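Enquirer: predicted model, plus sequence, below.
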Amino acid sequence: MGVLTFESARSEFAALADTTFLDAACVSLVPKRAGDAIRAFLTRAEQCRARSATANHIEMDEQRAAARPRAARLVNANDDEIALVESTTAGIALAAEGIAMKAGDRVLLSDLEFMQVAVPWCQLRERRGIEIDVVPHRDGGFEASDVAARIGPRTKVVCVSSVQWSNGFRCDLDGISRVCRDHGVWLVVDAVQQLGAFPIDVKKTPIDVLVCGGHKWLNAPFGAGFLYVRREAMAKLSPPLAGYLSLETPDGGWGHYFQTPTITPVRSYDFVDTARRFEIGGTANYPGAIGLAASLAMITELGVDRIAEHITKLTDRLLSGLRTLRVEIVTPLDPARRSGIVTFSVGSAEENVALMNQLLDRRILTSVRYTSGVGGLRVSCHFFNDARDIDVLLDALESRAR
């Protein structure tokens with residue numbers, strides 16, 4: 001097998017044969033290898049070629065578990081700091097429920113956030129009486145100093161997306177991490193719009209909880225993502241009500257345990273002392289996790305730094321072309337604050353939606369997204385894109401402008 005290149009990786013995405021796909025920030029494409037892994041799993045489920053159904057189940061558990069070390073490698077974490085969750089939503093909810101907070105404690109959010117970053121904390125505001133403070137954006141972004149200025153004595157949590165969904169603003173995660181460490185505040189990060197495109201190293205940038213769904217830049221199917229919990233924070237985060245797979249594996253394994261006459265359900269249980277305790281603990285989305293493992297392996301093979309460099313070249317090309325057209329570039333232009341998302345506007349929201357529909361008619365897939373007045377037509381450039389995709393989009397925009 002040869003070295004995986006961006007061109008050979010592109011060949012794994014069937015949709016690209018007749019579609020200019022520039023919308024990874026919405027729902028991305030699944031590579032052939034992930035689809036093949038899922039199909040092989042379903043064949044196993046259909047045929048049960050293992051010696052027994054129990055053995056088949058155990059082998060399926062091992063296939064699902066392969067996603068954990070691959071996710072750990074992606075963020076430079078330890079394997080035991082990774083839990084498999086169904087979505088970013090599930091992970092943020094786990095953090096919100098697991099962090100000890102009482103009436104009057106405060107959470108700090110940006111006004112650029114996707115609603116799901118805020119929803120669990122809004123629920124806790126109603127149920128527990130916590131308070132939410134908001135960092136207002138400045139020209140579509142904010143700095144670590146803006147976060148620091150709004151931290152007070154009752155602030156317990158800063159919850160932030162590392163990349164904002166509407167305009168691609170990439171925050172100063174290193175600076176925000178330092179602010180949270182200095183103030184003894186939890187840092188919860190939604191990395192769904194960054195990981196798979198731009199790296200995060202949790203050893204260099206301490207984060208208490210990081211969540212990433214798989215269906216965007218990780219190119220995994222729906223219902224598969226991961227949760228990172230910093231080992232030092234793990235004991236302070238209350239786990240959810242547990243399933244039996246959150247227990248320590250008994251001597252001889254579960255197959256032997258279930259064959260033991262003396263077992264009884266009402267007893268003391270020993271739970272795992274790893275991030276796995278935050279998983280559902282029962283029958284989870286096995287096909288999704290297996291597809292996630294395959295997609296993560298592809299990202300690792302390409303290399304996270306190479307992917308970031310490739311995406312930056314594409315967004316540079318796009319921004320250069322946009323500057324020649326009569327559009328407003330909404331995305332911050334500072335390279336340190338950019339991501340795989342480039343957002344621009346041709347006028348009102350209605351005009352941007354009309355343009356999006358014109359592009360869709362030509363099988364050029366983009367989105368229109370707004371929050372707190374920030375947004376426009378959003379273009380997402382990923383590793384499976386190339387310069388031809390950018391030129392197709394720019395040609396379509398130029399022909400519209402004539």
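Expert: Received it, and whenever you're ready, just let me know what you need. On a predicted model such as this, the values are computed, not experimentally measured, just so you know.

Enquirer: tell me where the protein has strands.
Expert: Remark: strands assigned in the chain by DSSP state E are 20-21, 82-85, 106-110, 131-135, 155-161, 186-190, 209-213, 225-229, 328-329, 341-345, 364-365, 367-371, 374-380.

Enquirer: in a markdown table, list the ones you listed along with mean neighbour count.
Expert: Where you see a C-beta, it was placed from the backbone N, CA and C, and this is true even at glycine. Conversion of the strands of the chain to a markdown table gives the following (neighbours: other C-beta atoms under 10 Å):
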| stretch | mean neighbour count |
| --- | --- |
| strand 20-21 | 20 |
| strand 82-85 | 27 |
| strand 106-110 | 23 |
| strand 131-135 | 16 |
| strand 155-161 | 24 |
| strand 186-190 | 26 |
| strand 209-213 | 28 |
| strand 225-229 | 29 |
| strand 328-329 | 14 |
| strand 341-345 | 26 |
| strand 364-365 | 21 |
| strand 367-371 | 20 |
| strand 374-380 | 25 |
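
Enquirer: possible to save those as JSON lines with mean pLDDT and distance to residue 239?
Expert: Output for the strands of the chain, formatted as JSON lines (pLDDT from 0 to 100; distance: least, C-beta to C-beta, whole Å):
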{"stretch": "strand 20-21", "mean pLDDT": "98", "distance to residue 239": "38"}
{"stretch": "strand 82-85", "mean pLDDT": "97", "distance to residue 239": "10"}
{"stretch": "strand 106-110", "mean pLDDT": "98", "distance to residue 239": "20"}
{"stretch": "strand 131-135", "mean pLDDT": "98", "distance to residue 239": "24"}
{"stretch": "strand 155-161", "mean pLDDT": "98", "distance to residue 239": "17"}
{"stretch": "strand 186-190", "mean pLDDT": "98", "distance to residue 239": "16"}
{"stretch": "strand 209-213", "mean pLDDT": "98", "distance to residue 239": "13"}
{"stretch": "strand 225-229", "mean pLDDT": "98", "distance to residue 239": "10"}
{"stretch": "strand 328-329", "mean pLDDT": "98", "distance to residue 239": "44"}
{"stretch": "strand 341-345", "mean pLDDT": "98", "distance to residue 239": "34"}
{"stretch": "strand 364-365", "mean pLDDT": "98", "distance to residue 239": "39"}
{"stretch": "strand 367-371", "mean pLDDT": "98", "distance to residue 239": "32"}
{"stretch": "strand 374-380", "mean pLDDT": "98", "distance to residue 239": "34"}
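
Enquirer: need those in JSON lines (columns: distance to residue 60).
Expert: Below are these laid out as JSON lines (distance: least, C-beta to C-beta, whole Å):
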{"stretch": "strand 20-21", "distance to residue 60": "31"}
{"stretch": "strand 82-85", "distance to residue 60": "13"}
{"stretch": "strand 106-110", "distance to residue 60": "38"}
{"stretch": "strand 131-135", "distance to residue 60": "41"}
{"stretch": "strand 155-161", "distance to residue 60": "33"}
{"stretch": "strand 186-190", "distance to residue 60": "29"}
{"stretch": "strand 209-213", "distance to residue 60": "22"}
{"stretch": "strand 225-229", "distance to residue 60": "18"}
{"stretch": "strand 328-329", "distance to residue 60": "48"}
{"stretch": "strand 341-345", "distance to residue 60": "36"}
{"stretch": "strand 364-365", "distance to residue 60": "34"}
{"stretch": "strand 367-371", "distance to residue 60": "35"}
{"stretch": "strand 374-380", "distance to residue 60": "33"}
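
Enquirer: of the ones you listed, which is nearest residue 261?
Expert: With C-beta to C-beta as the criterion, residue 261 lies closest to strand 82-85 of these, at 32.9 Å.

Enquirer: hmm, who's touching that closest one?
Expert: With contacts defined as C-beta atoms under 8 Å, 6 or more residues apart in numbering, strand 82-85 is touched by 64, 67-69, 71-72, 91, 94, 211, 224-229, 275-280, 284, 289, 292.

Enquirer: stretch 252-271 too?
Expert: 52, 54, 55, 58, 239, 242, 246, 247, 248, 250, 277.

Enquirer: show me where the stretch 201-350 of the chain has helices.
Expert: Using DSSP state H, counting those that start in this stretch, the helices of the stretch 201-350 of the chain run over residues 231-234, 253-258, 286-302, 304-323, 349-361.

Enquirer: what does the stretch 1-150 of the chain give?
Expert: With helices called from DSSP H, counting those that start in this stretch, the stretch 1-150 of the chain shows them at 6-10, 32-47, 53-65, 67-75, 88-98, 115-128, 144-149.

Enquirer: buried residues in the last one, which are they?
Expert: Translated: helix 144-149. Within helix 144-149, the residues that count as buried by 16 or more other C-beta atoms under 10 Å are 144, 146, 147, 148.

Enquirer: and the nearest residue to the last one once chain neighbours are set aside, how close does it get to residue 224?
Expert: What sits nearest to residue 148 in space, not counting adjacent residues and going by C-beta to C-beta, 6 or more residues apart in numbering, is residue 179, at 4.6 Å. In this structure, residue 179 and residue 224 are separated by 32 Å, where distance is defined by C-beta to C-beta, to the nearest Å.

Enquirer: for those two, indicate the residue with more neighbours.
Expert: The neighbour count for residue 179 versus residue 224, taken as other C-beta atoms under 10 Å, is higher for residue 224 (28 against 21).

Enquirer: tell me how far the more buried one lies from residue 108.
Expert: 29 Å.
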